[in-house]
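**Q** Provide a 3D model corresponding to the input given below.
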Amino acid sequence: MKKVPSKVDVVIISAGPSGSIAAGLLVNKGYDVLAKVCKAVYSN
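**A** Numbers count the residues shown, from 1 in each chain. As a prediction, the model looks like this:
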(Lines give C-alpha, C1' and ligand atoms only; values in the text may rest on other atoms or scores of the structure.)
Protein backbone atom coordinates (compact mmCIF):
# COMPACT_ATOMS: atom_id res chain seq x y z
CA MET A 1 0.00 0.00 0.00
CA LYS A 2 1.32 3.43 -0.94
CA LYS A 3 1.76 6.13 1.67
CA VAL A 4 -0.80 8.94 1.44
CA PRO A 5 0.58 12.46 1.87
CA SER A 6 -0.43 14.11 5.13
CA LYS A 7 -1.19 17.45 3.45
CA VAL A 8 -2.38 18.31 -0.05
CA ASP A 9 -4.18 21.31 -1.55
CA VAL A 10 -6.79 19.37 -3.54
CA VAL A 11 -8.25 15.86 -3.32
CA ILE A 12 -10.02 14.43 -6.37
CA ILE A 13 -11.99 11.23 -5.76
CA SER A 14 -12.97 8.93 -8.63
CA ALA A 15 -10.55 10.63 -10.99
CA GLY A 16 -11.82 9.46 -14.36
CA PRO A 17 -10.93 11.30 -17.56
CA SER A 18 -12.21 14.70 -16.43
CA GLY A 19 -10.76 14.32 -12.92
CA SER A 20 -7.39 13.40 -14.38
CA ILE A 21 -7.41 16.47 -16.60
CA ALA A 22 -8.38 18.66 -13.65
CA ALA A 23 -5.57 17.15 -11.56
CA GLY A 24 -3.04 17.80 -14.32
CA LEU A 25 -4.13 21.42 -14.73
CA LEU A 26 -3.94 22.03 -10.98
CA VAL A 27 -0.47 20.46 -10.73
CA ASN A 28 0.72 22.68 -13.59
CA LYS A 29 -0.50 25.70 -11.59
CA GLY A 30 1.57 24.59 -8.56
CA TYR A 31 -1.03 22.82 -6.39
CA ASP A 32 -0.34 19.55 -4.56
CA VAL A 33 -3.04 17.16 -5.78
CA LEU A 34 -4.11 13.72 -4.59
CA ALA A 35 -6.22 11.93 -7.21
CA LYS A 36 -7.82 8.62 -6.25
CA VAL A 37 -9.14 6.27 -8.90
CA CYS A 38 -11.97 4.15 -7.49
CA LYS A 39 -13.08 0.94 -9.15
CA ALA A 40 -16.75 0.27 -8.54
CA VAL A 41 -17.99 -3.31 -8.40
CA TYR A 42 -21.64 -3.93 -9.13
CA SER A 43 -23.45 -7.24 -8.86
CA ASN A 44 -27.00 -8.54 -8.61
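**Q** gap between the residue nearest the centre of the chain and Val27?
**A** Note on the chain: the residue nearest the mean C-alpha position is Ala35, at 1.0 Å, using CA atoms, centre = their mean. Plainly put, Ala35 is 9 Å away from Val27 if you go by CB to CB, to the nearest Å. All C-beta spots, glycine's among them, are computed from the backbone N, C-alpha and C.
**Q** related to what we said a few turns ago, name the SS class of the residue nearest to the centre of the chain, please.
**A** Per DSSP: H, G, I helix; E, B strand; the rest coil, the secondary structure class of Ala35 is strand.
**Q** Average pLDDT for stretch 4-12, rounded please.
**A** For stretch 4-12, mean pLDDT is 87.
**Q** Quick check: can you name the pairing partners of the helix or strand of the chain with the lowest mean pLDDT and their directions?
**A** Least confident element among the helices and strands of the chain, by mean pLDDT, DSSP states H and E: strand 33-36 (a mean of 88). Strand pairing for strand 33-36, using DSSP bridges, gives strand 10-13 (parallel).
**Q** Which strands and helices lie in contact with the following helix or strand past the strand it pairs with?
**A** Heading C-terminal from strand 10-13, the first helix or strand you meet, by DSSP states H and E, is helix 17-28. Applying 3 or more CB pairs under 8 Å, 6 or more residues apart in numbering; DSSP states H and E, we find helix 17-28 packed against strand 10-13, strand 33-36.
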